[in-house]
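>>> need coordinates for the following:
(chains A, B, C and D, ligands or ions: 2)
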Amino acid sequence: MGASPAKASQWSGKLHPRRDEVEAAQVLLAGALTAHNFDEAICFAVRLALEEALVNAFRHGNRDDPTKHALVDWSITDDEVTIQVTDQGSGFDPGSVPDPTAEENLEIPSGRGIMLMRAYMTEVEHLAPGNMVRLVYRRKQS
Amino acid sequence: MGASPAKASQWSGKLHPRRDEVEAAQVLLAGALTAHNFDEAICFAVRLALEEALVNAFRHGNRDDPTKHALVDWSITDDEVTIQVTDQGSGFDPGSVPDPTAEENLEIPSGRGIMLMRAYMTEVEHLAPGNMVRLVYRRKQS
Amino acid sequence: MSKEQSQLRVTDLDGVTRFEFVDRDILDEASIRSIGEEMLTRIEAAAKPRVVITFQNVEHLSSAALGTLITVSSAVKKKGGQLCLSDIKPSILEVFRITKLNRVFTIHPTAAEAVKSLA
Amino acid sequence: MSKEQSQLRVTDLDGVTRFEFVDRDILDEASIRSIGEEMLTRIEAAAKPRVVITFQNVEHLSSAALGTLITVSSAVKKKGGQLCLSDIKPSILEVFRITKLNRVFTIHPTAAEAVKSLA
Ligand SMILES: Nc1ncnc2c1ncn2[C@@H]1O[C@H](COP(=O)(O)OP(=O)(O)O)[C@@H](O)[C@H]1O
Ligand SMILES: Nc1ncnc2c1ncn2[C@@H]1O[C@H](COP(=O)(O)OP(=O)(O)O)[C@@H](O)[C@H]1O
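Ligands and ions are numbered 1, 2, ... in the order given. Predicted structure coming up:
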């Protein structure tokens, strides 16, 4: 520890299913991304992925139980953003989630969260049993 | 780790000297305190102490350098709140700070941050060399 | 900001109903639900709804908001009406492309063009 | 919320200037500075300033805000004027007590009483 100009920004905390707490986490995430020179497009992508992960944690994982929380951890370097969201649920099988972009699913109102995370992030990994998701954004080599 | 209904709420992050980040941290702190059944008066006290510690970290410790940050850590149980704020400065001697409530200092516009922290918290400890302050609030036995 | 206020501005343009979002972010589930309900109430009240939803101010939206848009679109279709979207920022348009919802919705650059297409 | 807007409401009551805070929190250093500057400008403009600062909406303040109040108080005294505070919530009053600033400032329960005391 100590506040030396470290390479990585770490953050770790418990979030309750309240809009003000979710927004607070997004503000801190945006601040950390900006400090590591990630641009607006990347902030947009990472913020969207975190939003979807938190909605899933609170709704599906914690089944809308307001007394349950999500643990959020992130680590940000100049090259890479890793976010982990853990809920208090029993998990699920991410392989069994239907493709929302299949013609027959296009008009179903739900089921787009995971695919958006996958589209915007470099890696999306649901760790067994499925109550923990790891989101990675890796800067493209230029 | 894991999101079991743990006894302590941990939080740890880097804050930049921006109002939105400080407010975000306060929102998360209030959420955590409420989850541990601390009442409004205690939220008021703890929030004020964090505010003063952060202002000191950014202004005196980091000398208003906007590229520097403060590390904030807290741990909250049902009985106790511990907050640590670390800045990137070289510290100071907290023993040499004049008493702002002495008659001759009453009309000086500055110098009340540390005394407010001490008044509202159970313990305030400046860890050597002085760039780290540890604030503890302990619930009174009833 | 009180969440009691409507997050939706509603205007009538030559018999076309225009819905405009007030907030920059359409993320909050409670807001999304109340926005959806307000839209559905107005759509149910119309004989043959003609609706434009404009995204002028919108900077962020989530899959929950996309879900509400689909529900609204289905309600409009069921009544034999028509729905268009307009004024979608490039970053938000990308969300519609990724989810292939640009195939479900008719999207116009501006509200004026959208209204004209329904008139 | 734009920080460009004034965070201060100013009213004239029988020649007494009343300053009222708009925000619930007087914490943000930039806001505190601009509030202080606005107060000082108006005090400098008065021959013999009579000023009431009311805390109706104030839920939080910090030592930086106390500092500004002291600066304002000194400016008022220097011009031979008078300053009172009013409508301070118990939690905020406690901050004045702890810092012994209740000895520096004259504090009234309500703005009406404060204005009356200066009239
Ligand atoms: N954290 C989680 N815990 C349990 N189930 C989950 C979790 N995240 C996602 N799921 C399951 O995966 C499905 C698809 O999720 P997603 O793509 O985000 O769409 P939606 O949330 O709209 O259903 C959900 O309906 C749910 O069954
Ligand atoms: N983190 C810090 N780093 C260096 N000096 C500090 C720090 N915190 C406090 N100080 C010193 O202690 C003094 C008293 O602080 P405080 O009581 O908060 O009042 P103020 O900030 O208004 O001066 C400051 O003026 C400063 O010299």
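
>>> list the buried residues in stretch C:87-103.
Using 16 or more other Cβ atoms under 10 Å in any protein chain shown as the test for burial, stretch C:87-103 gives C:87-88, C:91-92, C:94-96, C:98-102. C-beta: built from backbone N, CA, C; applies to glycine.

>>> can you get me the start-to-end distance on it?
17 Å (Cα to Cα, to the nearest Å).

>>> how about TSV for the buried residues of stretch C:87-103, with secondary structure, distance to D:E113 and pLDDT added?
As requested, the buried residues of stretch C:87-103 are arranged in TSV below (DSSP: H, G, I helix; E, B strand; the rest coil; distance: Cβ to Cβ, whole Å; pLDDT from 0 to 100):
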residue	secondary structure	distance to D:E113	pLDDT
C:D87	coil	54	97
C:I88	coil	56	97
C:S91	helix	55	96
C:I92	helix	55	97
C:E94	helix	60	97
C:V95	helix	58	97
C:F96	helix	61	97
C:I98	helix	63	97
C:T99	coil	62	97
C:K100	coil	67	97
C:L101	coil	62	97
C:N102	coil	65	96
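
>>> ok, C:R24 - contacts?
C:R24 makes contact with C:57-60, according to Cβ atoms under 8 Å, 6 or more residues apart in numbering or on different chains.

>>> separation between it and A:E23?
As defined by Cβ to Cβ, to the nearest Å, C:R24 lies at a distance of 12 Å from A:E23.

>>> anything in the helix or strand containing C:L93 near chain A?
Here C:L93 sits within helix C:90-98, counting by DSSP states H and E. Yes: applying Cβ under 8 Å from any Cβ of the partner chain, one finds helix C:90-98 touching chain A at C:91, C:95, C:98.

>>> circling back: hmm, which two among the buried residues of stretch C:87-103 are most spread apart?
C:D87 and C:K100 (20.6 Å; Cβ to Cβ).

>>> helix, strand, or coil at residue 41?
With no chain named, the answer covers chain A. helix (DSSP: H, G, I helix; E, B strand; the rest coil).

>>> for it, what are its contacts?
Here A:A41 is in contact with C:S91 (Cβ under 8 Å, 6+ apart).

>>> where does residue 14 land on pLDDT?
In the absence of a named chain, this looks at chain A. On pLDDT, A:K14 comes in at 92.

>>> meant chain C actually
Confidence score, pLDDT, at C:D14: 83.

>>> skipping its backbone neighbours, what lies nearest it in space?
Nearest residue to C:D14 in three dimensions, chain neighbours excluded: C:A119, at 5.7 Å (Cβ to Cβ, 6 or more residues apart in numbering or on different chains).

>>> likewise for C:G67?
Using Cβ to Cβ, 6+ apart, the nearest residue to C:G67 is A:P109, at 3.6 Å.

>>> over to A:H126?
A:P94 (4.2 Å).

>>> what sits against whichever residue of chain A sits closest to ligand 1?
Across chain A, the shortest distance to ligand 1 (Cβ to the nearest ligand atom) belongs to A:G113, at 2.2 Å. Counting by Cβ under 8 Å, 6+ apart, A:G113 makes contact with A:52-53, A:55-56, C:62-63.

>>> quick check, nearest of those residues to A:A70?
Closest to A:A70, out of all of the contacts of A:G113 and judged by Cβ to Cβ, is A:A53, at 8.3 Å.

>>> avg pLDDT for the helix or strand harbouring the closest one?
Taking DSSP H and E as the definition, A:A53 sits inside helix A:40-56. Per-region confidence: helix A:40-56 scores 97 on mean pLDDT.
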